[in-house]
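Visitor: Build me a structure from this.
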Amino acid sequence: MQTYTVVADNERHVYTSDDLEQAVARAREAYTAGAAQYVVIFDDMTGDRTEIDPRGGPDAVADRLDTMARKSAPKQGPGRPKLGVVSREVSLLPRQWEWLNAQRGGASAALRKLVDEARNDHQHRDAARQARDAAYKVMSVLAGDRPGFEEASRALFANRYADITPHIASWPAGLRDHLGRLVERARATQELASREAGT
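Guide: Predicted coordinates for the structure are as follows:
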């Protein structure tokens, strides 16, 4: 499930919600209450910071949310937009185009089928990689200069999740708790990926 997390001053977990507007409202409250100097909203699925600045009045924040929604809306153009099909350039060798064009339904249908098959075959592996990368991105932003960061990062990428805990023990509790949730998601998805691979 898509969620967003608000963190204040790189150490205090403020709020987690599946509603971006609610997360932005809580971030704005953290600023206006005067208790936070710096507030960031993370997309928990990717670990990326959102581009929404929660400061300012409600109208200004609403305008920023509308702008973000328009930017993320599907672009109209070639393809079949009503079906969600979007046209983009793909570069392949001549022999690869020749093989694709010979498939039933043509190159586009063959490519869609190949992508769907790959997604189904490797969904847990891809989810595990995304969860691990999300945890690392958030850790880098919030704790890149904290003691134990390098060791915790190495443990994360080596799938040694239990080893992360002692390296982040000195970090603020709110930060540890938030990273703990992200690391647990990485651990759970990696377990599924290992089962998928039969290891």
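Visitor: CA atoms for contacts and neighbours, from now on please.
Guide: Fine.
Visitor: tell me the centre residue of the chain?
Guide: With distances taken as C-alpha atoms, centre = their mean, Thr46 lies nearest the centre of the chain, 0.7 Å away.
Visitor: Could you identify the longest helix within this structure?
Guide: Using DSSP state H to define each element, the chain has its longest helix at helix 173-197.
Visitor: Going by neighbour count, which residues in it are buried?
Guide: For helix 173-197, burial by neighbour count (16 or more other C-alpha atoms under 10 Å) applies to 174-176, 178-180, 182-187, 189-193.
Visitor: Packing partners of that helix?
Guide: Judged by 3 or more C-alpha pairs under 8 Å, 6 or more residues apart in numbering; DSSP states H and E, helix 173-197 is in contact with strand 12-17, helix 123-143.
Visitor: got the contact list for that helix?
Guide: Here helix 173-197 makes contact (C-alpha atoms under 8 Å, 6 or more residues apart in numbering) with 10-13, 44, 122, 124-125, 127-129, 131-132, 134-135, 138-139, 142, 156, 159, 161, 168-169.
Visitor: what angle sits between that helix and helix 123-143?
Guide: Helix 173-197 runs at 160 degrees relative to helix 123-143, counting by axes from the mean of the first three to the mean of the last three C-alpha atoms, to 10 degrees.
Visitor: residue with max distance from the center of this protein?
Guide: Taking C-alpha atoms, centre = their mean as the measure, the residue most remote from the mean C-alpha position of the chain is Ala102, 37.1 Å away.
Visitor: And it, how close does it get to Ser87?
Guide: 20 Å (C-alpha to C-alpha, to the nearest Å).
Visitor: And Gln103, how close does it get to Ile168?
Guide: For Gln103, the distance to Ile168 - C-alpha to C-alpha - is 53 Å.
Visitor: Looking at the two, which is more packed in?
Guide: Ile168 (21 against 13; other C-alpha atoms under 10 Å).
Visitor: okay but the more buried one is in contact with Gly148, surely?
Guide: Yes. The pair Ile168 / Gly148 is scored as a contact, 6.0 Å apart, by C-alpha atoms under 8 Å.
Visitor: can I get the CA coordinates of stretch 169-187 in PDB?
Guide: The C-alpha trace of stretch 169-187 is given here as PDB (Å, rounded to 0.1, in the frame of the first residue of the first chain):
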ATOM      1  CA  ALA A 169      21.200   2.200  18.500                       C
ATOM      2  CA  SER A 170      22.500   5.700  19.200                       C
ATOM      3  CA  TRP A 171      20.100   7.400  16.700                       C
ATOM      4  CA  PRO A 172      16.900   9.100  18.000                       C
ATOM      5  CA  ALA A 173      14.100   6.800  18.800                       C
ATOM      6  CA  GLY A 174      11.700   8.300  16.200                       C
ATOM      7  CA  LEU A 175      14.200   7.800  13.500                       C
ATOM      8  CA  ARG A 176      15.100   4.300  14.600                       C
ATOM      9  CA  ASP A 177      11.400   3.300  14.600                       C
ATOM     10  CA  HIS A 178      10.700   4.700  11.100                       C
ATOM     11  CA  LEU A 179      13.800   3.100   9.600                       C
ATOM     12  CA  GLY A 180      12.900  -0.100  11.400                       C
ATOM     13  CA  ARG A 181       9.600  -0.300   9.500                       C
ATOM     14  CA  LEU A 182      11.300   0.200   6.200                       C
ATOM     15  CA  VAL A 183      14.000  -2.400   7.000                       C
ATOM     16  CA  GLU A 184      11.300  -4.800   8.100                       C
ATOM     17  CA  ARG A 185       9.600  -4.400   4.700                       C
ATOM     18  CA  ALA A 186      12.900  -5.000   3.000                       C
ATOM     19  CA  ARG A 187      13.500  -8.100   5.000                       C
END
